[in-house]
Structures are given as C-alpha cells and as structure tokens.
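Participant: Quick one, structure for this:
(one chain, ligands or ions: 3)
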Amino acid sequence: TKWVYSFGDGKAEGSAEDRNLLGGKGANLAEMSNLGLPVPPGFTITTELCTWYYDNGRKYPDELSDQVDDALEQIGKLVGATFGDTANPLLVSVRSGARASMPGMMDTVLNLGLNDETVGAMAKLSGDERFAMDSYRRFIQMYSDVVLGVDHYHFEEILEVYKEENDYTLDTDLSADDWKEIIQHYKAAVERELEQPFPQDVKDQLWGAISAVFGSWRNDRANTYRRLHNIPESWGTAVNVQAMVFGNMGDTSATGVAFTRDPSTGVKEFYGEFLINAQGEDVVAGIRTPQNLTKASREAAGATAPSMEEAMPEVFGQLVDIYKKLEGHYRDMQDIEFTVQQGKLWMLQTRNGKRTAKAALKIACDMVDEGLISSEEAVKRVDPASLDQLLHPTLDPDAERNVIASGLPASPGAASGAVVFTAEHAVECMQEGKKVILVRIETSPEDIHGMHAAQGILTTRGGMTSHAAVVARGMGRPCVSGAGTIRVDYAAKTFTVGGVTISEGDIITIDGGNGQVMQGEVPTLQPELSGDFGKLMEWADKARRMKVRTNAETPADAETARKFGAEGIGLCRTEHMFFEAERIVAVREMILADEHDKSARKAALDKILPMQRQDFTDLFEIMSGLPVTIRLLDPPLHEFLPQSDEEMEEVAAASGVDAAKLKQRAHELHEFNPMLGHRGCRLGISYPEIYEMQARAIFEASIAAAEKTGSPVTPEIMIPLVAMKQELDTLKARIVAIAGDVEKETGKKLSYLVGTMIELPRAALQANNIAETAEFFSFGTNDLTQTTYGISRDDAAMFLKTYTEQGLIEQDPFVSLDPDGVGELVKIGAERGRSTRADIKLGICGEHGGDPASVAFCETVGLDYVSCSPYRVPIARLAAAQAAL
Ligand code: ADP
Ligand code: MG
Ligand code: MG
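Facilitator: Ligands and ions are numbered 1, 2, ... in the order given. Next up is the predicted model:
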C-alpha cells in the first residue's frame, strides 16, 4: 500500500481532490505545489494509515518506515540537507491535518531534527547562533509538551523567571547565550519530569511526533470537537512532514496569517497579522502584539508598528499576488499561513476560511457579483444553521451603554450575562439555565466546552486570529478579544478596568460587532432581514421545491414567521392556546367535568368557544392567502390538572362543583404514562364535544377571517395520534357534521380539509388505509421518534448523552431525524399514503422541520413542505434549497 505522498518543487503526488486521503492541509499543500507556489517540500502520511494504526493496536505497517525514509531523502535532495546530518541537517515540521479543519485540536511540532549536535551545525550554516538556539529551545518545549507530555508551564516558568532575573521583557531581547542557558534548564526539567533525557536521536524524534499526531486524533479535546461538529471518528487524520522554513532568522524574516477577505464582516479586504522575527504560532499565541498586514488596516487601527506592506513591500507584493491567485483558484475566501525567511516568501497553508454568518452571506453575494460563482453555488455555500446568528437581536444603538472597556470585534452579535472565569463554571451555570459571559485572559482548547456553554466570550489578550476568536466565530458565539485594559484576577474572581471592579456573577454585555464591553444589560434590537440576507433567500426560494411553513399558535409567532418567509402554518397546537391564565380555569372545568356529565362539559366548552374562534380568526388573518393547519387538542391531560388546593378551589368556584369531588376526579384521571395515555384522538373519541367545539370555532373563524380579508380560507383540520383508520372515520364524521351545521346556520359554503398526524408506527404502516379518509398527512416526528425508539423525550437526556459520548449514535434522534428507523417509517407512510390518494398533501411538523439534515431527508422522500419554529424558517428555506440543488 502507498501510505506516503510527496509534494514540493512545483509538483505533488496528490491534489486538492485528495482531501479524504491526505486531509485538508495535505491536500492543499499538494495543490499549492501543483500551482507552482513556493511551498517547502514535504510529504503526507495518509488518513488511511491513521485508521490502520487504530485497527492494529497502535502499530504501523512494516512498509511504512521505508516509504518515510524515501520521502525524507527526497525532501533532503530538494533543500540540500540531510535529516540528522551533523554538518548540514534537515529540519522538519510534523503537522496534523484532518479532512475537516479542526483548529487547535491537533498539535504541530516545529524544528524537529535539532539536537545538541545539529543545533551547532545550524548556527554555523546560518551564521546566526541566536537563531539556532531560539529554534532549539522552541523545539524542546513543543516536543516535550506535545509528544512527551511535559506540560508547557514548566518551560514558561523557566523563561519567565529567567527574563525577570535578567530584566528582559520581550523574547527578542534574549541573546544566543541566554537561550543556551535556558536550553540547559529546559533539558534538566524534562529529565526531572521523565527521568530520562530529552531524545537526541532524530529518528526517535520523528516517530515520536508522528505517533503523537495520530494519538491526538482520539484525545479528549479532539473527541469534544468532533462531537460538537459531527465529524465521524472513522475519518482519521493525516500527518504532514515538511521542511522547515524560518521566520525567526532576524528582521528580514517573519511569520503571519491572513484572510483574503475580512472573516468577520466579509468585506473584500486583505486582512491579517504578522510578526517579524518569529515562528509558527507566535502570531496567534498572543506573545507579542502582532502587526497589521496592510497600511490601510494599520491606519484604521491607529497602530504605530509598521505594516507588512510598509516594512517588506516587495514580499508583501508577492503575497498579494499569491492570495489573489489562490482565491481565484479555489473560488472561495482563503485563510493562509506564510513565513518569510530572509526576504523569501513561503506558503505553509491555505484553506477555505472560517467566517461568521454575516461574512458568509456577504462573501457569497459578492462572489456572485464578481462572477466568481453562480447564485446556486452561493446558496450552497452558506451553512443554513449559521443563519441563526443573523436572526437574533443586536444591541439597540440608541440604548445607553456604560462602556467600560473595548477590545477587538472578534465574533459578531451581542450578549449579556453573568461574569464567570472558568469553563467549568460556565458549564455549571448553563445547566442551571443561567446566562453567562466567559471572561478569560486567553482561551485554549481546554475551554471549548465552556465557550459553548456561554452566551459570549471576552478575552484580554490575543488578536482576531487568536484561539478565542476563531473558535467563537465557528460556534456563532459573540466574542470580544484582546481587551487589553482589563486586568483579570482569577484568584479573587474579579476583573478591574478603569477603576471599575466587576465580580463573578455581575452582569456585563459584550458587542462582538464593535468590541465594546459594557457594565449591566443593554437592550437589543431585531435583526435586519434585507440586503445580502434577502438576496440569498431569494435565490434559495428559487431553488427549492419544498414549501416551508411554521409551527405557531400565537399571533406574535405567526407574524414573526411570516416575516421570516413562512408559507403558512404547518402546526397550530391548540392546547398551547389553553394555557393562558384567563382560560385555564374553563379548561380545567371541562377536563374535570364528570365523565358522564355532558352538559357540565358543554358549559365549560361554551366558555372556551369564543376565545378559540378569536384565536383562529387572528391566525387566519395573519396568514391570509396561506394554508393553516390546526391540530385539535392533544394534551397529556396531567399538564392541565390543577396542582395546588388554591387552583382546585378556583375551578370549584367557577363550575359550582364541590372541591373534594373535583379532587377525586383529578385522582381518577391520573395516568402512569401520560405520553402513551389518554391523549390526542383518544380524547376526541371519549369526549367528542371537545373536538366539535374546536371544529366549530375553526369554521366560524374561517368565515369571519374570509369576510375581513376578502380572501377565502381553507383550514386544514388535523387529528392527532391516530393509530387506525376507524378513529379518523369516527372523528371526521363529527367534523363534517359540524361543518354542515355551520353552513346551515350561516348560509355559507365551507371549504376545508381533514387530515391526520402520522406519529405512531401503526399509522405509518396503515397509511394506505388511513389515506382513504385523510386528505393530508403531517408527520409528527417528535412523537414518531418517541414511539419508534420506545423512549420518552423527557427521560431520554440521561442516557442519550451516554450514547453519544460512547459513539453508539452520532446524533440525538430528537435533534436530527433518524433516517434509518424513523425515516423509514416516514418513507413507508408517504408511499402507502400516495398509493391510495395520489395527490395527498404531505408535510412534517416535528422539531426536525428546522434541522438542515432532516430537511434534506424530507426532500428525498418528496414531502410537500416542512414546518418549523418561526426563527428556524429561514434556515429551513435555505436547507430546502440546498437539498434540491
Ligand atoms: P495548525 O493546524 O494548528 O494551524 P500547523 O500545522 O498549520 O498547525 O502549524 C502550526 C504553525 O507552525 C503554523 O503557524 C504554521 O505556519 C507553522 N509551520 C508549520 N510547518 C512549518 C514549517 N515547515 N516551517 C515553518 N513554519 C511551519
Ligand atoms: Mg495549532
Ligand atoms: Mg495552520
């Protein structure tokens, strides 16, 4: 088997197409080589090897070591050096690279191949002893941390103490001799911690690093990241070994990162940061404040340190040419890493840049205007789930703001919450339902779960490309980074800035759009839905086949949904209309009425009828011209039962029935398993008056709304929890009779549909029979998931979490429709329904209707529409378009 693919010198064995095999980084290094860009030569060990490694008890196939030796030799030939040679040593980096980019998850080792002898050769060759020693101390620290498991703080402490003792502030203040001394301390620290010396054999170093990369594929951080981003474990990571280029060879050398467009706003401006005389991750690590790339951005930031454009105009020009070439080639915004070694530019990475939803929209729309991509491509580019970030409120610009500090606008959106200082605390607060802002000096991959739990993130160190900024943008969390005037005191659990002290638990607000940090909570405004958002939605609407409706019962929700482009109501849960304070007593009267006392129930229902009629009239008016599906009552009864004595008295007074008797009745109604109990159409069969009242309210409302708006209303009446045709027959007959009554009473002709939810496996299997009566189906995939799996959603959290953690399932089936089981039933239901009634209207109204993967599934089944909560309507519109393209 070929496990190793080389690149460099204007050619490569792989290309961008080989992402699955070579990982994202390896594939793009190959592609850049093929494009003739200056890429240090190297090779990639494939992701297949990673899989092999884990399948075989963390061992390697025999042929691997020869393949690696050959590839190393080839690198050596290209750069004119030999790995481990004491006169002219080749140094390499060992870099991980999964299929999907996993920032910060995998660990890279630089300057590998240095030891006590080769470091001397490097000093001689470069004529710069300081550079050689600087590289060696970096290597010892990185290798010890990543490969040997000696925590980096050991080294940081040594360096801090040394700097303090010698009155140095910056790393660049240290001389060759200083570094030599520090190296001695470093090596001693390693020996002390591990009881063996730092490895001097370069081959040992290489294989140690390769194994560390493969090993890191299954470390906790990587596991968490994969879980959050649904990346399967089976993909594996590749390892890239690449000749080192040095950004730390003095003032004509530098290292930097850049985005071809602004990843926060999407504005078409070359954007990034660099550091002179530095290496690798110095820029993102916040060790020194990085400098701007362009003169314009330096001026905009009011910075004094020269930009790259000013400090290295020639190299900057080459970089601009390259980024343009890359963006044109990939037809997408690129995130690039580069290093300048003594005035020569080297490209170390390119990938499609992560961006905020706002930037994704703008870039997609701009690239259509620029003729780089088609509008369909633009629709495909934007992650539907990310739209969520745009649909939520921003700070009211007119509201008073008590700005106490300001940092970089690292990830847009506004958030308020109580200050917490640790990721763990953030997670605890989230579990208690509290909103928090995570405040850190800087974040590291260990903080990811806390960042996820927080409403927003505030750091006092680090730039726009710092860990906090990159991860927050990916998660859609607002983030302000590098608010340098804030002093955090972790021990005291406070931070201070400009004389103000904020303690843990105090409320602050951050605005990730402009970098402001405010004391207290600041009111917010609704999002802007025109502009690029409107444009993309228009393209999406053109591309999609399925309609998108909303689940709504209140006028406010219905209005929001319509504003977001809902094309009707797919689910109006009438029981939600019953919870209002003024109604609940009448509802309780109705439920608690003696089983055989029809007139008592009727009396209670008569009180509810006008309220329901008004509810439906409002909805029909708001959705004028669009279909509205109303589901008849489906409450688990216990949700309505009075709990306290006080509530019981209230119902007793309203109904004139003795409280003790009511209590007795409530007791009778108690169910052991309400989810599978007396609910849905079963209630309608036992107490037909309830559905009759609702049907009447619907019909009368449809007449009233049609008169008011002048456009006809065709309500879709939906019967819940049907298991068999007979239930539907019985109830439909009653509804038809009520329709007849209303027509007679009003002299108006009614138009309406009667259909059913398909939310029990039996209903899906019996769909051909049920469709004889039902004029439409709506798949209620929440209940269908419960009843198919035989799990209750309310109790599932406890064990489903373990299931996901252990990898038994990839996704919570209540979040994303299980295509294999539940989906199979949906498919069967749809097919059998159509076999009886070819034009039967089919939709889905579970929470899944707003989940992009589930929407894609619905497209494959050929449903007519999906229905979801109002805020997810745009997400569903875009997801439906992507599913159709
Ligand atoms: P990550 O995936 O965390 O970005 P990388 O493998 O890209 O990790 O490397 C970390 C840093 O080291 C980056 O700044 C990268 O540009 C730098 N780097 C990697 N390989 C080399 C090399 N051969 N020469 C110089 N710098 C390198
Ligand atoms: Mg890294
Ligand atoms: Mg990188």
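Participant: what residue ranges in the stretch 551-700 of the chain score low on pLDDT?
Facilitator: Counting by pLDDT under 70, the ranges of the stretch 551-700 of the chain that qualify are 579-582.
Participant: Backbone dihedrals for residue 840, please?
Facilitator: For residue 840, the backbone dihedrals (degrees, to the nearest 10) come out as phi -60, psi 130.
Participant: Equivalent analysis for residue 573, please.
Facilitator: According to degrees, to the nearest 10, residue 573 has phi -90, psi 100.
Participant: surely it meets residue 634?
Facilitator: Yes. Between residue 573 and residue 634 a contact is recorded at 7.2 Å, counting by Cβ atoms under 8 Å. Glycine gets a C-beta too; all of them are placed from N, C-alpha and C.
Participant: now the helices: where do they sit in the stretch 451-600 of the chain?
Facilitator: 467-475, 531-543, 555-563, 581-592, 598-622 (DSSP state H, counting those that start in this stretch).
Participant: For residue 573 and residue 634, work out which one has more neighbours and name it.
Facilitator: Neighbour count, other Cβ atoms under 10 Å: between residue 573 and residue 634, residue 634 has more, with 22 against 18.
Participant: Name the nearest residue to the more buried one, sequence neighbours excluded.
Facilitator: Nearest residue to residue 634 in three dimensions, chain neighbours excluded: residue 720, at 3.9 Å (Cβ to Cβ, 6 or more residues apart in numbering).
Participant: dump the residue contacts of the one you found.
Facilitator: 631, 632, 634, 679, 680, 681, 756, 757, 759, 780 (Cβ atoms under 8 Å, 6 or more residues apart in numbering).
Participant: same deal with residue 380?
Facilitator: Applying Cβ under 8 Å, 6+ apart to residue 380 gives the contacts 882, 885.
Participant: so it, which of the three states?
Facilitator: Here residue 380 is helix, with the state taken from DSSP: H, G, I helix; E, B strand; the rest coil.
Participant: Once you drop chain neighbours, what's closest to residue 32?
Facilitator: residue 39 (4.9 Å).
Participant: quick one: the one you found from residue 347, how far?
Facilitator: Per Cβ to Cβ, to the nearest Å, residue 39 is found 5 Å from residue 347.
Participant: now swap in residue 63 and tell me
Facilitator: Distance of residue 63 to residue 347, given as Cβ to Cβ: 31 Å.
Participant: and those two? which has more neighbours close in?
Facilitator: Each of residue 63 and residue 347 has its neighbours counted (other Cβ under 10 Å); residue 347 has more, 23 against 12.
Participant: Where does pLDDT dip in the chain?
Facilitator: Along the chain, segments meeting pLDDT under 70 span 103-106, 286-287, 392-393, 474-476, 579-582, 797.
Participant: Residue 260 contacts residue 325, doesn't it?
Facilitator: No. Between residue 260 and residue 325 there is no contact under Cβ under 8 Å: 10.3 Å.
Participant: Comparing the two, which shows the higher neighbour count?
Facilitator: residue 260 (26 against 15).
Participant: give the contact list for that one.
Facilitator: By Cβ under 8 Å, 6+ apart, the neighbours of residue 260 are 270, 271, 323, 324, 326, 327, 333, 334, 336, 353.
Participant: Restricted to helices, list those residues.
Facilitator: Taking DSSP state H as the definition of helices, the contacts of residue 260 contribute 323, 324, 326, 327.
Participant: Looking at those residues, spot the one nearest residue 53.
Facilitator: Lowest distance from residue 53 to those (Cβ to Cβ) belongs to residue 326, with 32.1 Å.
Participant: since we're on that closest one, how many residues are nearby?
Facilitator: A count of nearby residues for residue 326, using other Cβ under 10 Å, gives 21.
Participant: Name the residue of the stretch 551-700 of the chain that lies nearest to ligand 3.
Facilitator: For the stretch 551-700 of the chain and ligand 3, the shortest gap (Cβ to the ion) falls at residue 564, measuring 37.6 Å.
Participant: so where do the strands sit in the stretch 351-500 of the chain?
Facilitator: 394-395, 403-406, 408-411, 414-420, 436-440, 456-459, 479-481, 487-489, 494-497, 500-503 (DSSP state E, counting those that start in this stretch).
Participant: before we move on, the earlier item: now flag whichever of the contacts of residue 720 is closest to residue 163.
Facilitator: Looking across those and measuring by Cβ to Cβ, the closest to residue 163 is residue 780, at 65.1 Å.
Participant: Skip the chain neighbours and tell me the closest residue to the closest one.
Facilitator: residue 759 (3.4 Å).
Participant: Relative to residue 257, how far out is the residue in the stretch 501-650 of the chain that ligand 3 sits nearest to?
Facilitator: Minimum separation of the stretch 501-650 of the chain from ligand 3 (Cβ to the ion) falls at residue 512, amounting to 23.5 Å. Between residue 512 and residue 257 the distance is 20 Å, computed by Cβ to Cβ.
Participant: now residue 301
Facilitator: Counting by Cβ to Cβ, the gap from residue 301 to residue 257 is 16 Å.
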